[in-house]
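**Q** Generate a structure from the sequence data that follows.
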Amino acid sequence: MKKFELTSESIVNIFGKRLFRIKALIEFGNVKEGELGGFIEKEENLSHEGNAWVCGDAWVYGNAKVYGNAWVCGNAKVCGDAWVYGNADYATVKGFGTEYRATTFFRCKDGVVRVRCGCFYGDLEEFRVQVKNTRKGKIAEEYLMIADLIEKHFDK
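**A** Model prediction:
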């Protein structure tokens, strides 16, 4: 049984991908029937099983998949080969950097932790290099500390 549908409301992301807002067809978990969710590119991005959900203005696209009881919320952007299926497979921080935007960290199915921060997408080491090459002072220090924390968080 389908638990959500793609609505006609859509946006186009910076990569030219059209993402559609989702709408709950049934009540499940903390989601009410008729509740609007976030944006996904295609049905395969969100499982119809379990209580998985994309909410707010969050985006899920590409080969990324949210399933189990995982929720992707806020301004999170999950893409590439990410598989979000539990509470420990992604983390989002907000309020840092020059734009105070959300930065999302997630473990991909190949086991590598990757980062989406603004238009940056890469693994943790590439993120550290980008920060060192483009940021100075407190902003750089904070991002590097966050990268260390995230590395510890995802450590098996």
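**Q** what's next to the lengthiest helix in the chain, contact-wise?
**A** In the chain, taking DSSP state H as the definition, the longest helix is helix 137-154. Applying C-beta atoms under 8 Å, 6 or more residues apart in numbering, the external contacts of helix 137-154 come out as 88, 91, 93, 96-98, 103, 105, 107, 113, 115, 124, 127-128, 131-132, 135. Glycine gets a C-beta too; all of them are placed from N, C-alpha and C.
**Q** Apply the buried test to those and list what passes.
**A** For the contacts of helix 137-154, a burial check counting by 16 or more other C-beta atoms under 10 Å picks out 91, 93, 96-97, 103, 105, 107, 113, 115, 124, 127-128, 131, 135.
**Q** what would those residues look like in a markdown table with distance to Trp83, pLDDT and secondary structure?
**A** Formatted as a markdown table, the buried ones among the contacts of helix 137-154 follow (distance: C-beta to C-beta, whole Å; pLDDT from 0 to 100; DSSP: H, G, I helix; E, B strand; the rest coil):
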| residue | distance to Trp83 | pLDDT | secondary structure |
| --- | --- | --- | --- |
| Ala91 | 15 | 85 | strand |
| Val93 | 21 | 89 | strand |
| Phe96 | 26 | 90 | coil |
| Gly97 | 26 | 88 | coil |
| Thr103 | 19 | 90 | strand |
| Phe105 | 14 | 90 | strand |
| Arg107 | 8 | 84 | strand |
| Val113 | 12 | 92 | strand |
| Val115 | 16 | 92 | strand |
| Leu124 | 17 | 95 | helix |
| Phe127 | 20 | 97 | helix |
| Arg128 | 24 | 97 | helix |
| Val131 | 26 | 96 | helix |
| Arg135 | 30 | 95 | coil |
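**Q** Fine, thanks again, bye for now.
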